[in-house]
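Novice: Just a sequence and a predicted model for now, questions to come.
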Amino acid sequence: MPHTARYSIGGVIACMPFPMIGMTITISVQHYYGNYSLAGMLTAIQAIALAISTPLLGKLTDKFGQRQVSIPTIIVWIIAAIALTTSITNRAPEWVLYCLTPLLAAIPPWGAMSRARWTRLLKGDRERTDRALSLCGVLDECMWVVGNPLASTLAVISGLLAFSFTGVCVIVGALMFLTELSTEPPSQSDLARAEGITRKEYRAREAAKAQALKEQTAAEETRRRLEREGVTDPEAISREVARTVDEVRSGKVKKASIWGPGLVAVCVTWFGLGAFQSAAGISIIAFATESNMKQYTGFVFACFSISSLCGAIVYGAKNWVIPLWKRFYFCLAVVNIGIGSFMFARHLWVIMIIYLLIGVCQAPTWINGNQLMLHLVPPSRLTEGMAWMGAMNSIGASAGSAIAGQFIDRMGSHGGFLVVTALAMGSLAIALIGFRQIKSSTEQPTLTEVAV
């Protein structure tokens with residue numbers, strides 16, 4: 001499609017802080033301070049700050065527009081990156097690092113903004129929307145394939161070099177993304193202004209339309225159910241349909257918010273996913289350092305990303321008839337169980353092979369999560385909904401890296417992998433507890449198809 005390549009590629013380039021910052025901080029802090037606990041705590045602080053800022057930035061983006069929010073955010077990030085790099089290389093007091101690290105969370109939600117553009121361009125075309133989201137997954141994996149080995153290589157040479165490269169990527173990617181104006185979705189302020197109403201009135205009207213779609217879908221499902229049961233009396237059918245619609249309508253005030261059982265279940269699952277994957281990352285770095293193979297850690301992570309990239313390509317090329325919830329749980333189980341087995345590895349290359357085998361399910365897991373969001377939030381709040389999902393993943397990552405760092409300092413890399421296994425199995429258990437909510441969410445109407 002015209003104009004889509006520019007913002008898609010630009011968004012990926014601008015997202016380079018995601019694969020590079022965490023690893024750069026970990027390797028640089030361990031090199032200058034010799035402390036995995038400090039590295040884990042800083043990574044955790046950055047992830048927590050990211051979890052707080054991402055939904056806020058996503059909400060502001062939906063309200064005021066992508067360019068209006070992104071430009072000042074980028075300026076804050078560049079200043080923070082320069083200050084933190086200077087502090088680490090000069091072995092500044094730890095409290096200085098604690099103060100500066102949260103500012104690195106000033107990253108615009110490029111992935112969510114890119115997906116919002118695709119969703120707007122392809123509104124109503126379920127098949128092409130799914131393929132577009134798969135393409136986003138492919139491009140994201142390309143970012144991780146390139147970012148991970150670069151981060152480990154550059155950070156081993158110089159933390160300053162790694163941060164400088166990341167800053168250049170942010171500037172170049174932002175210019176490509178934000179100067180593509182023809183595909184930028186209108187903000188809620190723009191839409192409300194065009195209608196001659198306030199933003200609050202616009203959001204209330206949109207929520208009413210989403211509610212009307214749910215009521216219509218419930219009425220149609222009730223009619224089909226009664227037909228299967230052999231009910232032919234028109235009055236009985238009308239009464240049952242009216243009762244069903246009243247039940248849906250009675251929860252209107254509660255469901256006007258994007259927070260429903262399905263979204264809660266997905267976000268909690270993403271918390272667990274971030275926890276054990278972050279713990280695995282810092283544990284692998286410790287394991288490689290103990291084996292005198294620290295320079296190869298980026299390539300191990302790149303194997304995971306390459307495998308995930310292949311999975312995204314294959315997954316996006318097929319029109320799936322298997323229910324979404326089955327695909328979601330299968331891919332999630334493969335990733336969790338595979339990473340949970342790292343504690344049995346005795347060589348870095350064994351971990352690399354496991355990553356290659358299970359990585360094919362990593363991108364599909366995220367793609368499935370993005371597709372679930374299409375059923376859970378209305379269109380003009382899609383950026384906010386996806387930002388919440390990413391935020392919960394970041395919160396989980398912060399907890400995982402902080403806990404693993406403590407265990408590594410006391411027990412070595414084996415202690416870190418014990419944490420990874422516990423978190424991976426716990427994450428899968430959390431996802432299974434939310435099975436009913438996640439399954440039922442896939443049976444809801446796709447709210448992003450509501451015309452607004």
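Specialist: Cool, the structure landed. Residues are numbered from 1 along each chain as shown.

Novice: And the contacts of stretch 20-33?
Specialist: 35-36, 38-40, 42-43, 46-47, 88-89, 91, 94, 97, 101, 104, 147-148, 150-152, 154-156, 159, 162-163, 165-166, 278, 281-282, 285, 289, 294, 297-298, 301, 397, 401 (C-beta atoms under 8 Å, 6 or more residues apart in numbering). Every C-beta, even on glycine, is put in place using the N, C-alpha and C of the backbone.

Novice: which of these are buried?
Specialist: 36, 38-40, 42-43, 46-47, 88, 97, 101, 104, 147-148, 150-152, 154-156, 159, 162-163, 165-166, 278, 281-282, 285, 289, 294, 297-298, 301, 397, 401 (16 or more other C-beta atoms under 10 Å).

Novice: Kindly provide the distance from Gly385 to Ala236.
Specialist: Separation of Gly385 from Ala236 (C-beta to C-beta, to the nearest Å): 39 Å.

Novice: Of these two, which one has the most company?
Specialist: Using other C-beta atoms under 10 Å, the more surrounded residue of Gly385 and Ala236 is Gly385, with 28 against 11.

Novice: Per-residue pLDDT of the more buried one, please?
Specialist: Predicted confidence (pLDDT) at Gly385: the value is 74.

Novice: Let me see the contact set for Glu215.
Specialist: Val245, Val248, Arg249.

Novice: Would you convert those into CSV that also reports distance to Phe407, secondary structure and neighbour count?
Specialist: Formatted as CSV, the contacts of Glu215 follow (distance: C-beta to C-beta, whole Å; DSSP: H, G, I helix; E, B strand; the rest coil; neighbours: other C-beta atoms under 10 Å):
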residue, distance to Phe407, secondary structure, neighbour count
Val245, 54, helix, 16
Val248, 48, helix, 17
Arg249, 51, helix, 15
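
Novice: quick one: the nearest residue in space to Met113 that is not next to it in sequence from Glu240, how far?
Specialist: With sequence-adjacent residues excluded and distances taken as C-beta to C-beta, 6 or more residues apart in numbering, Met113 is closest to Gln66, at 5.2 Å. Going from Gln66 to Glu240 by C-beta to C-beta gives 46 Å.

Novice: Which one's more surrounded, the two?
Specialist: Gln66 (27 against 17).

Novice: Surely the more buried one touches Leu178?
Specialist: Yes - assessed by C-beta atoms under 8 Å, Gln66 is found in contact with Leu178 at 6.9 Å.

Novice: hang on, the earlier thing: show me which of the contacts of Glu215 is closest to Ala363.
Specialist: Nearest to Ala363 among these: Val248, at 35.0 Å, using C-beta to C-beta.

Novice: thinking the closest one is in contact with Gln216, fair?
Specialist: No - look at Val248 against Gln216 with C-beta under 8 Å: they stay out of range, at 9.6 Å.

Novice: Report the helix or strand with the lowest average pLDDT across the chain.
Specialist: helix 252-255 (a mean of 42; mean pLDDT, DSSP states H and E).

Novice: pLDDT wise, what is Ile74 at?
Specialist: At Ile74, pLDDT is 92.

Novice: That one: neighbouring residues, count only.
Specialist: Ile74, neighbours per other C-beta under 10 Å, totals 21.

Novice: wait, it sits on Ile171?
Specialist: Yes - with contacts counted by C-beta under 8 Å, Ile74 reaches Ile171, the gap being 7.5 Å.

Novice: what residues are up against Arg128?
Specialist: Leu122.

Novice: Met16 too?
Specialist: Met16 touches Met143, Gly147, Phe165, Thr166, Cys169, Val170, Gly173, counting by C-beta under 8 Å, 6+ apart.

Novice: Format these as JSON lines; extra columns: pLDDT and distance to Gly58.
Specialist: Formatted as JSON lines, the contacts of Met16 follow (pLDDT from 0 to 100; distance: C-beta to C-beta, whole Å):
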{"residue": "Met143", "pLDDT": "75", "distance to Gly58": "19"}
{"residue": "Gly147", "pLDDT": "72", "distance to Gly58": "22"}
{"residue": "Phe165", "pLDDT": "86", "distance to Gly58": "26"}
{"residue": "Thr166", "pLDDT": "86", "distance to Gly58": "22"}
{"residue": "Cys169", "pLDDT": "88", "distance to Gly58": "21"}
{"residue": "Val170", "pLDDT": "89", "distance to Gly58": "18"}
{"residue": "Gly173", "pLDDT": "88", "distance to Gly58": "18"}
